[in-house]
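Chemist: Got a sequence here, can you build the structure:
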Amino acid sequence: QVQLVESGGGLVQPGGSLRLSCAASGRTFRSYVMGWFRQAPGKEREFVAAVASSGTTDYSDSVKGRFTISRDNAKNTVYLQMNSLKPEDTAVYYCGRAGKGSHYYAVGYDYWGQGTQVTVSS
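Modeler: Residues are numbered from 1 along each chain as shown. The predicted structure follows:
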């Protein structure tokens with residue numbers, strides 16, 4: 001059984017930064033695409049960023065240039081560095097392990113963490 005545990009969320013002012021972490025159990029972490037999604041109240045879970053086992057990254061247009069996803073396979077951990085945060089970035093952020101589907105869609109992921117709240121407000 002795979003477990004994903006996110007941390008690092010909190011309250012930050014507009015323009016500030018946060019770094020999210022997602023620690024994964026399991027010896028095959030390095031073989032999978034890992035992704036970050038977010039879900040605001042009343043909205044669907046949306047793709048934020050993904051990183052392949054090779055280190056290749058992909059981002060949604062709304063965060064490109066502001067967020068950076070990375071992974072440390074030795075630590076079974078994936079990170080999301082968020083800079084220049086905006087109020088519209090406020091959401092619960094989820095880490096997921098991609099299955100066989102597209103990494104752009106939540107249905108393509110077979111394991112999720114519990115989520116961590118990010119609130120951007122002055």
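
Chemist: Provide a list of residues in contact with Gly108.
Modeler: The contact partners of Gly108, by Cβ atoms under 8 Å, 6 or more residues apart in numbering, come to 98-102. C-beta: built from backbone N, CA, C; applies to glycine.

Chemist: Same question for Ile69.
Modeler: 34, 36, 48-51, 57, 59, 78-81.

Chemist: part of a strand, is it?
Modeler: Yes - with DSSP: H, G, I helix; E, B strand; the rest coil as the criterion, Ile69 is part of a strand.

Chemist: Quick check: it vs Ser122, distance?
Modeler: 26 Å (Cβ to Cβ, to the nearest Å).

Chemist: And for Arg30?
Modeler: For Arg30, the distance to Ser122 - Cβ to Cβ - is 40 Å.

Chemist: which of those two has more neighbours?
Modeler: Between Arg30 and Ser122, counted using other Cβ atoms under 10 Å, Arg30 has the larger neighbour count: 14 against 8.

Chemist: picking that back up, in helices, which of the contacts of Ile69 fall?
Modeler: Among those, DSSP state H puts none in helices.

Chemist: List the residues that contact the residue nearest the centre of the chain.
Modeler: The centroid of the chain falls nearest to Trp36 when counting by Cα atoms, centre = their mean (2.2 Å). Residues near Trp36 by Cβ under 8 Å, 6+ apart: 20, 22, 48-50, 69, 78, 80, 93-96.

Chemist: Okay, buried residues for stretch 37-45 please.
Modeler: 37-38, 45 (16 or more other Cβ atoms under 10 Å).

Chemist: And the contacts of it?
Modeler: Contacts for stretch 37-45 (Cβ under 8 Å, 6+ apart): 46-48, 89-94, 96, 106, 109, 115, 118.

Chemist: Then stretch 51-60?
Modeler: Contacts of stretch 51-60 (Cβ under 8 Å, 6+ apart): 30-35, 46-50, 67-71, 73, 78, 103-104.
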